[in-house]
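Colleague: sharing a model prediction with you, sequence too.
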Amino acid sequence: MTTPTRLPDPYGHDGGANLADILERVLDKGVVIAGDIRINLLDIELLTIKLRLIVASVDKAKEMGIDWWEDDPALSSGARRKELVRENAELRERLAALEAGRAQEESP
């Protein structure tokens, strides 16, 4: 009786990389992908798209000085609160100015 043989695992368990290891390395070091797409017609540039992609962990991105998501109201509740506080202060100033102008019109 013969036993069936299996093909060897292409990545093996002895030193091969699995997806989790690769992802950990990419997030730890970071990867930058940059490229431009240009569409020309008769030497007239119709469209230019600049693509920049950075794949990194949040800690690595902050280490590289990239933290735009902290100030984006769509991505950060803290930034949204700051924007609402600023907008509220501006509206209060405008209301106070309008009320002051109205009080001056009413006084003889």
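Modeller: That came through, no problem.

Colleague: tell me the first helix or strand C-terminal of the strand or helix carrying Asp36.
Modeller: If you go by DSSP states H and E, Asp36 is part of strand 31-41. Reading on from strand 31-41 to the C-terminus, the next helix or strand found by DSSP H and E is strand 44-55.

Colleague: for that next one, enumerate the helices and strands it packs against.
Modeller: Strand 44-55 sits against strand 31-41, with contacts defined as 3 or more CB pairs under 8 Å, 6 or more residues apart in numbering; DSSP states H and E. C-beta: built from backbone N, CA, C; applies to glycine.

Colleague: could you list the paired strands of the strand holding Asp36 along with their orientation?
Modeller: strand 44-55 (antiparallel) (DSSP bridges).

Colleague: contacts for the strand it pairs with, please.
Modeller: 26-27, 30-40, 61, 66 (CB atoms under 8 Å, 6 or more residues apart in numbering).

Colleague: quick check: mean pLDDT across that strand?
Modeller: The average pLDDT for strand 44-55 rounds to 84.

Colleague: just the C-alphas of the helix or strand that that strand is followed by, formatted as PDB.
Modeller: Downstream of strand 44-55, the first helix or strand assigned by DSSP H and E is helix 58-63. Extracted C-alpha coordinates of helix 58-63, given in PDB (Å, rounded to 0.1, in the frame of the first residue of the first chain):
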ATOM      1  CA  VAL A  58       0.200  55.500  12.300                       C
ATOM      2  CA  ASP A  59       3.200  55.600  14.600                       C
ATOM      3  CA  LYS A  60       5.600  55.400  11.600                       C
ATOM      4  CA  ALA A  61       3.600  58.000   9.700                       C
ATOM      5  CA  LYS A  62       3.800  60.400  12.700                       C
ATOM      6  CA  GLU A  63       7.500  59.600  13.000                       C
END
